[in-house]
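1. Here is a sequence together with a model predicted from it:
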Amino acid sequence: MKHGDYNAAPGVRRTTDLTLMLGRHRGMVSSGWWGRLCWCLGLLVFVSQPVWSIGTTAGTMVTNVATVNYLVGPSPPITATSNTVSFRVDEIIQPVLTWQDATPIAVTTPGSNAVLTFLLTNGGNGSEAFGLTRTNGPAPLPSGNYTPLNGSIGSIYLESGALSGFQGSGPNADPLYVAGSSDPTLAPNTNITIYVISNTPSVANNLQGDVLLGAAALTVGVAGALPGTALPGLGQGGGFAVVGSARAQADATGSYITSGLGLVMNKTVLKVRDARGTGVVMPGAEISYQIVATLSGAGTASNLALIDPLPALTTYVPGSMVVDGLVQTDAADTDPAQFIAATQTVSVSLGNVAAPATVVIVFRATIN
């Protein structure tokens, strides 16, 4: 029995060709129980079941040979084998694109070269190249939203892998994406980080601006085709290129928010106290410093840290740091402040501070 080539299902092309070789042996006729056995085996049919899977690499040839063992009287065991049954696994094309930032990225207005981070994953089972596009302020534009502009240093960058996070320059600089010449090619189940760079026009604060990043497979005829479309000869290894459920394309939207975040820091001498209890600035007198950091506008200052090296010819008074009215230890521990003796530096790490906010830091030093 023979079944010709056919496209069993999107993702698999099979050829089934089984010839069972059984017959007379040593002049014996096919009669009795042996004849019935041969007649039953002659009815054996291999039926191909549809398979849709992205686990097996596209272009893989899956082969099989059936074997039957039997006895005829007192003769030694006899083995008969079929022809080889084989099929080639086709390529399913299925990109996945996700925005990686947890919340809208705060930007100043006007501002330049703010970064959105995306992750493009090849969810298919064959190596595939992808073209990238961006749409600023994708329609329909919600009321009150603004439209970001392409970054002045470039529009889209690809992670180089040398150093995590966007690197616009230097020895670990990420490359600028150029359509048609630097389209990312991804092996199955691998990904690449993509950076979208935008300028912010002069608009009001607390407005959201969106950028839509799109990725489309570059195999001819697949992007936008209906799921299940199978194009012969275009898949990896020469099989079919089969359009997955995402229609061989993907997109994701990332957002900015105009914050107008401002930071003003002012350092003053609160008072001077000498050994006699007066305010004479002299050796041995104790100086109280105050630093006031004021955040205005909207948004969050990330990893806010204040570092203040002591003036020359002064000595820090141990245990004198106070942050927002709370006494701090000098050691690097659970409170945000520490005194670094090696560099004679007051350091206060405040983490992420949402505006508006005011932070007041006080410490003392003596004049040598």
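-> Sure thing, it's come through. Numbering: from 1, shown residues only.

2. Could you pull out the buried residues of the strand or helix carrying Ala216?
-> Here Ala216 sits within strand 208-217, counting by DSSP states H and E. For strand 208-217, the buried set under the neighbour-count rule, 16 or more other CB atoms under 10 Å, comprises 209-217. C-beta: built from backbone N, CA, C; applies to glycine.

3. That strand: what's the following helix or strand?
-> Sequence order places strand 230-231 as the next helix or strand after strand 208-217, per DSSP H and E.

4. Do a quick rundown of the helices in this protein.
-> Secondary structure of the chain (DSSP state H): helices located at 32-41.

5. Poorly predicted segments of it, please.
-> Within the chain, the ranges that satisfy pLDDT under 70 run 1-54, 260, 298.

6. Which strand residues bridge Ser198?
-> Judged by DSSP bridges, the bridge partners of Ser198 are Ala114, Asn150.

7. Please report how far it lies from Gly237.
-> Ser198 sits 40 Å away from Gly237, taking CB to CB, to the nearest Å as the criterion.

8. Mind checking which of these two has more residues around it?
-> Legend: neighbour count by other CB atoms under 10 Å for Ser198 and Gly237, higher for Ser198 (25 against 14).

9. And the strand holding Ala216, what does it pack against?
-> The contact analysis (3 or more CB pairs under 8 Å, 6 or more residues apart in numbering; DSSP states H and E) places strand 208-217 against strand 95-99, strand 111-122, strand 128-136, strand 191-200, strand 249-258.

10. The second one - contacts with which helices or strands?
-> By that I understand strand 111-122. Using 3+ CB pairs under 8 Å, 6+ apart, the elements in contact with strand 111-122 are strand 95-99, strand 105-107, strand 128-136, strand 185-186, strand 191-200, strand 208-217, strand 249-258.

11. Any idea how far it is from the middle of the chain?
-> Computed by CA atoms, centre = their mean, to the nearest Å, the separation of strand 111-122 from the middle of its chain amounts to 10 Å.

12. Could you give me the buried positions within that strand?
-> Across strand 111-122, burial judged by 16+ other CB under 10 Å covers 111, 114-118, 120-122.

13. closest to Gly154 among these?
-> Nearest to Gly154 out of those is Val115 (CB to CB; 11.1 Å).

14. From what I see, that closest one and Thr193 are in contact.
-> No - the criterion here is CB atoms under 8 Å, and Val115 misses it with Thr193 at 10.9 Å.

15. Next one: Asn113 from Ser302, what distance?
-> As judged by CB to CB, Asn113 and Ser302 stand 17 Å apart.

16. can you count the residues close to the residue nearest to Thr63 when sequence neighbours are not counted?
-> Nearest non-adjacent residue to Thr63, counting by CB to CB, 6 or more residues apart in numbering: Ser86, 4.3 Å away. Around Ser86 there are 14 other residues, counting by other CB under 10 Å.

17. Kindly state the beta-bridge partners for Ser86.
-> Beta bridges link Ser86 to Thr15, Thr63, judged by DSSP bridges.

18. how about it, what does it touch?
-> Counting by CB atoms under 8 Å, 6 or more residues apart in numbering, Ser86 touches 15, 61-64.

19. Give the bridge partners for the residue nearest to the spatial centre of the chain, please.
-> Nearest to the mean C-alpha position of the chain, counting by CA atoms, centre = their mean, stands Leu119 at 3.0 Å. Residues in a beta bridge with Leu119, per DSSP bridges, are Thr98, Thr193.

20. just checking, it touches Pro95?
-> No - contact criterion CB under 8 Å: Leu119 and Pro95 do not qualify, at 11.0 Å.

21. what number of residues lie near the closest residue to Ala66 other than its chain neighbours?
-> Nearest residue to Ala66 in three dimensions, chain neighbours excluded: Ser82, at 4.1 Å (CB to CB, 6+ apart). Using other CB under 10 Å, Ser82 has 17 neighbouring residues.

22. Please apply the same query to Thr103.
-> Thr103 has 8 neighbours, counted by other CB under 10 Å.

23. How about Asp251?
-> Residues near Asp251, counting by other CB under 10 Å, number 18.

24. so it makes contact with Ala215?
-> Yes - applying CB under 8 Å as the test, Asp251 and Ala215 come out as touching, 7.1 Å apart.

25. Between those two, which contacts overlap?
-> By the contact definition CB under 8 Å, 6+ apart, Asp251 and Ala215 are jointly contacted by Leu97.
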